[in-house]
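Chemist: I would like to see how this sequence folds:
(chains A and B)
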Amino acid sequence: MAVSQPVVIPPSSKAAPPVRQNGRWSGYAHLLAARMKEMRREPEVIFWVFVFPLLLAIGLGIAFREKPANTTSIAIVAGPQAQNALDLLHRSAQSSAIHADVVPLQQAEQAFRLGKYDLLVQPDDHGGFQYRYDPARPESVLSRNEVDDALQNAAGRKNPLSTSSVVSNKPGARYIDFLIPGLLGMNIMNAAMWGIGFALVDMRQRKLLKRFVGTPMRRSDFMLALASSRLLLMIIEVAILLGAGILIFHMEVLGSWLTILLISAIGAIAFSGVGLLTACRAQKIETASGLINVVMMPMWILSGVFFSYARFPAVCQPFLKALPLTALNDALRATILQGSSLASQADRILVMVIWGGVSFVLAVRWFRWT
Amino acid sequence: MSTAILCQDLRKSYDGKLEAVRGLNLEIQSGECFGLLGPNGAGKTTTIEILEGLLSPSSGKVTVLGRTWQREERELRERLGISLQETRLSEKLTVRETLELFASFYRRPRATGEVLAELQLQEKADAWVGKLSGGQRQRLAVATALVGNPEILFLDEPTTGLDPQSRRQLWDIVRDFQKQGGTILLTTHYMDEAERLCDRLAIMDHGQVITEGTPAELIAKLGGNHVIEFAVSENGSKIPMERWRGLPGVESVWPEDGLISLNVREPHLTIPVLLDAVASQGAKLQHLTTRQASLEDVFVRLTGRHLREN
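Modeler: Sure thing, here's the model as predicted:
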């Protein structure tokens, strides 16, 4: 390493062993190198930091993928008119989107309750049909409209207006596009909180912090090395998650990579501060794990990782927007999905900086090395 | 000879109630190996950590190499080597990487290869710390203290939990360091360690120094260098202690676990008289051993307890 060159100095009064001279940044460089080596040699770190978010993205991306055709399953109650209904549906333009079974009433009702069918079609005595649906289930409502259209048209209804439809599911507006920046934000938070908070308490419990303080090591170098290792890892995390989004899900990254990295870095530093505060006094890793989860868990739900926080009542919105993960997720979505500039995200960056800054100041004040 | 460590009326209380150290005075000379001996909970670790500048005392004055921790911490850190009672170094770093890391904190560290050789760790240089035996880990802990080329070495219970061979290896390392002009302060609850290694020692109990001196001086304070332990049959148990105290050559008497222990100067003079005294009472001797007095006897005499008891 360039920072430590062997230098021979004249023998001192003590039985002079060969001495070398260390530069100002020697401690920092070694601390950073040691941290990176330790993480590389820890299989769990590799899994939680790199593989887990990827698996989550792939799993959720597949579960919520756009289905090729929106088919609905319906039950036609067995009876003399059942075959007629079936024939009509087969003749309709929507026949490929409707899957119909003919089943006895009681069985049909039970299957409907269990969600196997979206709709029950019961022929009445006058050659017509009665729909049974659940207005609380969106797919049931859609199914009723669709089946009604199909039956009416097949039976000869003429529409007074000519309409046509075009499919629109371009990259950028799908669930996976919403999800990937959210996962990225969540991963930056998780990695910073565990990477800083857990690592510190672990070292404190092992008395390693105390041992370090017993050397001339600069405490600021130690903190700086810890934060630097986090930033280096963050770059890889961003590349992997966005890379997977582009390669597997054909995501389009509209913003500049530099802006995305800068916002990620601000997020990583802000959460490093929060992690530092969480870990500033805890003596046992069990305590630290509990604290870290208490801090993070609400944000997994409230900060729009998996679904938009707009679903929460309006009175909650200012509070939700003040959370650091909300700010990070919003800023990431704006740059990745809409190509927004760094300057346009100033308010969100400010939220993160305040969280990180206040946490850092308090953490340094309360921090215990022993 | 100059003073390496000086502390005066040192006190430390935790949370304002428990007083771990209660008015401690120590003066340790450059080049000596000084031991703090005492049972668990005597305040040894608290004391050594105050002297290492890792704990601040509630009151009292500490000077190390003529400097104070408040004013010249970094300068002092460059000149001290510390091994804590228990540090778990990172398991996924190799021995050499660990030593390089510690070396990087000092302005003028020693060459790591040389320290590895000195502590017989070359073969393990590229092994992960997690794969080391207890003795090797402890040697590495001492290596991280020596790599900074310190003038004073602080060792807190350096051989606790080690096998006899590893203990001896560590003692050799400490002696070598002293031969090269280093000063050592160590804590231990092992008598033999203190007797073999320390030039001077202070025996601590309940946060105070109860006696201080060279091992030989402390043993001499007992009055005799030899201990006779014996037991008599039932009809002899009524014999008063004063009777034994009055025998020629006996310096002190104390009962212990059904045995009677005598501190004597010259066993060959005392034993015949002892046998006569037992016989004249119509009692029989049931047990008789003699041995050299040890620091353990000093401790028992001073506190009425054994060192290893908690």
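Chemist: Give me the phi and psi angles of residue A:218.
Modeler: Residue A:218 has phi and psi values of phi -80, psi 130 when expressed as degrees, to the nearest 10.
Chemist: Please identify which helix or strand holds the residue lying closest to residue B:247 once chain neighbours are set aside.
Modeler: Nearest non-adjacent residue to residue B:247, counting by CB to CB, 6 or more residues apart in numbering or on different chains: residue B:273, 5.3 Å away. For glycine as for every other residue, the C-beta is placed from the backbone atoms N, C-alpha and C. Using DSSP states H and E, the element containing residue B:273 is helix B:267-280.
Chemist: ditto for residue A:245
Modeler: Going by DSSP H and E, residue A:245 is part of helix A:219-249.
Chemist: and that helix, what does it pack onto?
Modeler: Packing partners of helix A:219-249 (3 or more CB pairs under 8 Å, 6 or more residues apart in numbering or on different chains; DSSP states H and E): helix A:26-40, helix A:52-63, helix A:175-192, helix A:257-278.
Chemist: Please tabulate those helices in a markdown table and include mean neighbour count as additional columns.
Modeler: Output for the helices and strands packed on helix A:219-249, formatted as a markdown table (neighbours: other CB atoms under 10 Å in any protein chain shown):
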| stretch | mean neighbour count |
| --- | --- |
| helix A:26-40 | 20 |
| helix A:52-63 | 16 |
| helix A:175-192 | 24 |
| helix A:257-278 | 23 |
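Chemist: Mind checking the ones you listed for the one nearest to chain B?
Modeler: For chain B, the closest of those is helix A:26-40, at 3.7 Å, according to CB to the nearest CB.
Chemist: Could you look up the next helix or strand downstream of the closest one?
Modeler: Following helix A:26-40 in sequence, per DSSP H and E, is helix A:43-46.
Chemist: And that following helix, what's buried?
Modeler: Of all the residues in helix A:43-46, those buried under the rule 16 or more other CB atoms under 10 Å in any protein chain shown are residue A:45.
Chemist: which residues touch that helix?
Modeler: Helix A:43-46 has contacts (CB atoms under 8 Å, 6 or more residues apart in numbering or on different chains) with A:39, A:40.
Chemist: If we use 7 Å, what do you get?
Modeler: residue A:39 (CB atoms under 7 Å, 6 or more residues apart in numbering or on different chains).
Chemist: and it, average pLDDT?
Modeler: The average pLDDT within helix A:43-46 is 83.
Chemist: same thing with stretch A:218-236?
Modeler: For stretch A:218-236, mean pLDDT rounds to 91.
Chemist: ok, which stretches of the stretch 151-300 of chain B are strands?
Modeler: Assigned by DSSP state E, counting those that start in this stretch, the stretch 151-300 of chain B shows strands spanning B:152-156, B:183-188, B:200-205, B:208-213, B:226-232, B:250-256, B:259-264, B:285-292.
Chemist: how far away is residue B:121 from residue B:106?
Modeler: For residue B:121, the distance to residue B:106 (CB to CB, to the nearest Å) stands at 19 Å.
Chemist: Which one's more surrounded, the two?
Modeler: The neighbour count for residue B:121 versus residue B:106, taken as other CB atoms under 10 Å in any protein chain shown, is higher for residue B:106 (25 against 21).
Chemist: Who are the contact partners of that one?
Modeler: Counted by CB under 7 Å, 6+ apart, residue B:106 has contacts A:22, A:216, B:78, B:148.
Chemist: any low-confidence regions in the stretch 201-350 of chain A?
Modeler: By pLDDT under 70, the stretch 201-350 of chain A has no low-scoring segment.
Chemist: How about the residues of it by chain B?
Modeler: A:206, A:207, A:208, A:210, A:211, A:213, A:214, A:215, A:216, A:217 (CB under 7 Å from any CB of the partner chain).
Chemist: how about low-confidence regions in the stretch 151-300 of chain B?
Modeler: Checking the stretch 151-300 of chain B against pLDDT under 70 turns up B:235-237.
Chemist: Which residues of it lie near chain A?
Modeler: Within the stretch 151-300 of chain B, the residues that sit near chain A (CB under 7 Å from any CB) are B:180, B:181.
Chemist: again, only using 8 Å
Modeler: Contact residues (CB under 8 Å from any CB of the partner chain) of the stretch 151-300 of chain B with chain A: B:151, B:180, B:181, B:182.
Chemist: now that we have the contacts of residue B:106, which one has the most neighbours?
Modeler: Result: residue B:148 is most packed of these (other CB under 10 Å), 26 neighbours.
Chemist: Quickly list the domain ranges of chain B.
Modeler: Domain ranges of chain B: B:3-213, B:223-292, per automatic domain parsing.
Chemist: Would you mind giving those domains as JSON lines with distance to residue A:298 added?
Modeler: Conversion of these to JSON lines gives the following (distance: least, CB to CB, whole Å):
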{"stretch": "domain B:3-213", "distance to residue A:298": "33"}
{"stretch": "domain B:223-292", "distance to residue A:298": "62"}
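Chemist: Out of these, which one sits most buried?
Modeler: Ranked by mean neighbour count, the domains of chain B are led by domain B:3-213 with a mean of 19 (mean count of other CB atoms under 10 Å in any protein chain shown).
Chemist: From the chain's centroid, how far away is it?
Modeler: 11 Å (CA atoms, centre = their mean, to the nearest Å).
Chemist: end to end, how far does it reach?
Modeler: By CA to CA, to the nearest Å, the extent of domain B:3-213 from end to end equals 16 Å.
Chemist: correct me, but residue B:210 touches residue B:218?
Modeler: No - using CB atoms under 8 Å, residue B:210 is not in contact with residue B:218; the gap is 10.4 Å.
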